[in-house]
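K.L.:
Show me how the following folds:
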Amino acid sequence: MKGLYWTAGLLAVGFLVLSCGGGPPQVGESPCPEWFSNPPQDPDFLYATATAVSRDLQLALNKAKTEARAELASQLEVRMQGLRKKFDEEVGLGEDAQLLSMYTQATKEVISQVMVGSRIAKQYTKKEGMGWRACVLMELPIGAANKSLVDRIKANEQMYTRFRASQTFKELEEEVKKFEEYKKRQGM
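P.N.:
All right, here's what the predicted structure looks like:
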């Protein structure tokens, strides 16, 4: 009889230990909201997400915003390089090397200027231990970058004359028109 009690006691302790183990571990669970992992897709905006941790809430937010802006700048640079490649193909090389150099310089200036138009679309903060985690979703209207590039090109007469005839310029101006319409709808 003692053996039966002993066995029943061991089984009870075993079941108790197993039931306290909790569920399966949450592998790869994000500390940020759903929008962080799946940012919106919009042809008129570039989006970037970033997260940062700091003991100071404001510093965590600033670090996340800076990282997201760097990602936006990278995306914008890739986009502008795509426009430049199209322009290279349309205009050609050789005698137009100076023109292409001016265009490249204009795109670099636009990238540094346009980042001012970036803004936080969403943000999330969460206390983590002794510090804070900040998650941000930054957005940048593409139309602003296109308008700025068109303005820079128009400022240089030689480049504007040559570029105006290209298909790339027509596409760029069409996107600028869409951006101007968007600004009117938003009351900007």
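
K.L.:
make it CA atoms for all contacts and neighbour counts henceforth
P.N.:
Noted.

K.L.:
To which secondary structure element is Ala52 assigned?
P.N.:
strand 45-54 (DSSP states H and E).

K.L.:
So which other helices or strands are in contact with that strand?
P.N.:
Applying 3 or more C-alpha pairs under 8 Å, 6 or more residues apart in numbering; DSSP states H and E, we find strand 45-54 packed against helix 57-91, strand 131-141, helix 142-155.

K.L.:
Could you identify which of those is most buried?
P.N.:
Stretch with highest mean neighbour count among these: strand 131-141 (a mean of 23; mean count of other C-alpha atoms under 10 Å).

K.L.:
Just the CA atoms from it would do, formatted as PDB, please.
P.N.:
In PDB, the C-alpha atoms belonging to strand 131-141 read as follows (Å, rounded to 0.1, in the frame of the first residue of the first chain):
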ATOM      1  CA  GLY A 131      15.100  51.200 -20.400                       C
ATOM      2  CA  TRP A 132      12.700  52.100 -23.200                       C
ATOM      3  CA  ARG A 133      12.200  50.600 -26.600                       C
ATOM      4  CA  ALA A 134      11.000  53.000 -29.300                       C
ATOM      5  CA  CYS A 135       9.600  51.700 -32.700                       C
ATOM      6  CA  VAL A 136       8.900  54.200 -35.400                       C
ATOM      7  CA  LEU A 137       7.500  54.200 -38.900                       C
ATOM      8  CA  MET A 138       8.800  57.100 -41.000                       C
ATOM      9  CA  GLU A 139       7.300  58.300 -44.300                       C
ATOM     10  CA  LEU A 140       8.700  60.400 -47.000                       C
ATOM     11  CA  PRO A 141       6.500  61.700 -49.900                       C
END
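
K.L.:
Pairing partners for that strand, with directions?
P.N.:
Strand 131-141 has its sheet partners listed here by DSSP bridges as strand 45-54 (antiparallel), strand 119-128 (antiparallel).

K.L.:
Buried residues, the last one. List them.
P.N.:
Right, strand 119-128. Across strand 119-128, burial judged by 16 or more other C-alpha atoms under 10 Å covers Arg119, Ile120, Gln123, Thr125.

K.L.:
The residues you listed into JSON lines, with extra columns for distance to Ile142?
P.N.:
As requested, these are exported to JSON lines (distance: C-alpha to C-alpha, whole Å):
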{"residue": "Arg119", "distance to Ile142": "12"}
{"residue": "Ile120", "distance to Ile142": "15"}
{"residue": "Gln123", "distance to Ile142": "21"}
{"residue": "Thr125", "distance to Ile142": "27"}
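
K.L.:
between these, which is nearest Phe179?
P.N.:
Closest approach between the buried residues of strand 119-128 and Phe179, by C-alpha to C-alpha: Arg119, at 16.1 Å.

K.L.:
Many thanks, we can stop here.
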